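Colleague: what's the 3D shape of this:
(one chain, ligands or ions: 2)
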Amino acid sequence: MAKAKTTYFCQNCGYESAKWLGKCPSCQEWNTFVEEVVEKAGPRVPDWRTTTGAAPRGGKAAAIHEIEQVEERRLVTPDRELNRVLGGGIVPGSLVLVGGEPGIGKSTLMLQLALQLPGTKTLYISGEESEQQLKMRAERLSQSTKADCYILTETATRSIFKQIEATAPDLVIIDSIQTLHSAQIDSAPGSVSQVRECTAELLRFAKETAIPVFIVGHITKDGAIAGPKVLEHMVDTVLQFEGDRHHVYRILRAIKNRFGSASELGIYEMQGTGLREVSNPSEILLSQRENSMSGIAIAAMLEGMRPMLIEVQALVGNSAYGTPQRSSTGFDTRRMNMLLAVLEKRLGFRLSAQDVFLNIAGGLRVEDPAIDLAVVIAVISSQQDIPVSATVAFSGEVGLSGEIRAVNRIEQRIAEAEKLGFETIYISKYNTKGLDKSHYQIAIVPVAKVEEVFRAVFG
Ligand code: TYD
Ligand code: MG
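Modeller: Ligands and ions are numbered 1, 2, ... in the order given. Now for the predicted structure:
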């Protein structure tokens, strides 16, 4: 009998160490190491035994030009946002990880998928909810069930594979990987070694049978359970479901995709009856307003590959306390401080004694630097209490010396603004090279410095 082997794992990032450590050398988190039994005493029999494996030629190297390219037949789902994020549908035999914080809507998204696929047998395996709960949720989603959907509440991988064999589904969904348990490993469900082993078994299963498998994985900030980070490298595709739980909008983002672009994203709205696709994001991100209000500017930004227009709101007021407050939602606070410093220095705005609040509408977090210009304009507009016309959009990055820098894919941004009925767009002068203005109805105003934009917008 072999001795049981144990190792210490960082529960946050999966870093492995032979001895206990206080601080993880990989992710710098404290107190995350837990001892886990990685191999049980006795012989090892995998739950999903590989007979052929991934290398059908017996491990022989093949010349790349001799490898036949087989047209992959993707399973196209009725959910267009999901298709887009996956790169055009579900690839047979792919292992897809759907990560997100608890309560964000992963189970809803997956159950919706399981119910929607026309003419497909789907198996939804839940270790978190009872059959009754799942039935209730399915009723709530109130979709006419097109798929032949089966539900299994089970956590042991051995029984799961038995049931899969008995049901013979075309698609398997596991909710969630942190509840699964493999008999090969002694440690508790949700620990790094369990999560890894169960994923490895599912991976072998998916590759051998060509049945696609979706795995739900919870992300927690405190790292109480092993995060999906530890298995990102094992799966083909990593999708992240994110959003503010208090807002209704959710973003499904491809973080890694072996079968498509990793910069795609899908947008959903969480309704009482499940998730609804949002095909025109700008419509929801721009608030309806009749008269122009000060402190609002519209940015033409890109999320992944998708252009959208978003509202930036700023509130500038005299500070009641010695130290002014600076706060931003959906935008990096350090970047906001930098932009405020640029305004002080270049335009002589005395913002140091004023509170500045910044908000990106819709609960979105924006990383695209092209929104800088709209941030600057929103701040000035609020400070001066002069509204900016609702028909004007902005797209440009602001540099430290107040220069307006070029941004990528400017044509797409202009086209989106035009499509939504904007009449003017301010862009960087450096973006106009090779840009055919006669293409567009919208007036394109190139600017080089913040001073110029200030004069042009506020006169
Ligand atoms: P859920 O899918 O259970 O989240 P996760 O699996 O990521 O933990 O979704 C939880 C939230 O979604 C819950 O707060 C209720 C809400 N919800 C709706 O608003 N509408 C619906 O139709 C459903 C099914 C859930
Ligand atoms: Mg869930």
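Colleague: Who are the contact partners of the residue nearest to residue 72 when sequence neighbours are not counted?
Modeller: Ranked by CB to CB, 6 or more residues apart in numbering and with sequence neighbours excluded, the top spatial neighbour of residue 72 is residue 91, at 5.8 Å. From N, CA and C alone the C-beta is placed, and that goes for glycine too. By CB atoms under 8 Å, 6 or more residues apart in numbering, the residues touching residue 91 are 72, 74, 75, 212, 236, 259.
Colleague: what's the closest of these to ligand 1?
Modeller: Using CB to the nearest ligand atom, residue 212 comes nearest to ligand 1 of the contacts of residue 91, at 19.4 Å.
Colleague: Give me the buried stretch members for stretch 445-459, please.
Modeller: For stretch 445-459, the neighbour count (16 or more other CB atoms under 10 Å) marks 445, 446, 447, 449, 450, 452, 453, 454, 457 as buried.
Colleague: now the residue of the stretch 251-400 of the chain found nearest ligand 1: how far from residue 85?
Modeller: In the stretch 251-400 of the chain, no residue comes nearer to ligand 1 than residue 274, which is 4.1 Å away by CB to the nearest ligand atom. Applying CB to CB, to the nearest Å, the value for residue 274 to residue 85 is 17 Å.
Colleague: Of the two, which one has the most company?
Modeller: residue 85 (25 against 20; other CB atoms under 10 Å).
Colleague: Which SSE is immediately downstream of whichever strand or helix holds that one?
Modeller: Assessed by DSSP states H and E, residue 85 sits inside helix 80-86. Using DSSP H and E, the helix or strand that follows helix 80-86 in sequence is strand 95-100.
Colleague: wait, does that following strand make contact with ligand 1?
Modeller: Yes: using CB under 6 Å from any ligand atom, strand 95-100 comes into contact with ligand 1 via residue 100.
Colleague: Give the pairing partners of that strand; include direction for each.
Modeller: The strands beside strand 95-100 in its sheet (DSSP bridges) come out as strand 213-218 (parallel), strand 237-242 (parallel).
Colleague: Quickly check: the helix or strand just after that strand near ligand 1 or not.
Modeller: Remark: after strand 95-100, the chain's next helix or strand is helix 106-116, criterion DSSP H and E. Yes: residues of helix 106-116 contacting ligand 1 under CB under 6 Å from any ligand atom: 106, 107, 108.
Colleague: In these, which residue is surrounded by the most others?
Modeller: Going by other CB under 10 Å, residue 106 tops the residues of helix 106-116 next to ligand 1 with 25 neighbours.
Colleague: what about it, distance to residue 276?
Modeller: 16 Å.
Colleague: same thing with residue 339?
Modeller: Residue 339 is 35 Å from residue 276, by CB to CB.
Colleague: So for those two, which sits in the more crowded spot?
Modeller: A count of neighbours by other CB under 10 Å puts residue 339 above the other of residue 339 and residue 276, at 23 against 14.
Colleague: How far off centre is the host helix or strand of that one?
Modeller: Using DSSP H and E, residue 339 maps to helix 333-347. From the chain centre to the centre of helix 333-347 is a distance of 29 Å (CA atoms, centre = their mean, to the nearest Å).
Colleague: Likewise for stretch 235-253?
Modeller: 4 Å.
Colleague: Let me know whether that stretch sits next to ligand 1.
Modeller: No: residues of stretch 235-253 are not located near ligand 1 by CB under 6 Å from any ligand atom, the shortest gap being 6.8 Å.
Colleague: Endpoint to endpoint, that stretch covers what distance?
Modeller: End-to-end distance for stretch 235-253, by CA to CA, to the nearest Å: 15 Å.
Colleague: Quick check: buried residues in it?
Modeller: For stretch 235-253, by 16+ other CB under 10 Å, it's 235-243, 248-253.
Colleague: Could you do stretch 411-428 as well?
Modeller: Neighbour-count burial for stretch 411-428 [16+ other CB under 10 Å]: 413-418, 420, 422, 424-428.
Colleague: With distance to residue 351 and pLDDT as added columns, please give the residues of helix 106-116 next to ligand 1 in TSV.
Modeller: Formatted as TSV, the residues of helix 106-116 next to ligand 1 follow (distance: CB to CB, whole Å; pLDDT from 0 to 100):
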residue	distance to residue 351	pLDDT
106	42	94
107	45	95
108	43	94
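Colleague: ok, of those, which one's closest to residue 116?
Modeller: residue 108 (12.1 Å; CB to CB).
Colleague: my read: that closest one touches residue 141, true?
Modeller: Yes: using CB atoms under 8 Å, residue 108 is in contact with residue 141, at 7.4 Å.
Colleague: Can you work out which residues contact both of those two?
Modeller: Taking CB under 8 Å, 6+ apart as the contact rule, residue 108 and residue 141 both touch residue 274.
Colleague: Please list the residues of the chain that sit near ligand 1.
Modeller: Counting by CB under 6 Å from any ligand atom, the residues of the chain near ligand 1 are 100, 102-108, 137, 140-141, 270, 272-274.
Colleague: By mean pLDDT, which helix or strand of this protein comes out lowest?
Modeller: In the chain, no helix or strand scores lower on mean pLDDT, DSSP states H and E than helix 281-285, which sits at a mean of 72.
Colleague: which helix is the longest one in the chain?
Modeller: helix 192-209 (DSSP state H).
Colleague: So the residue lying closest to residue 184 once chain neighbours are set aside versus residue 235, what's the distance?
Modeller: Nearest residue to residue 184 in three dimensions, chain neighbours excluded: residue 197, at 5.6 Å (CB to CB, 6+ apart). As judged by CB to CB, residue 197 and residue 235 stand 14 Å apart.
Colleague: cool, and residue 136?
Modeller: 30 Å.
Colleague: in the stretch 151-300 of the chain, which ranges drop under the pLDDT threshold?
Modeller: 221-228, 284-285, 287-291 (pLDDT under 70).
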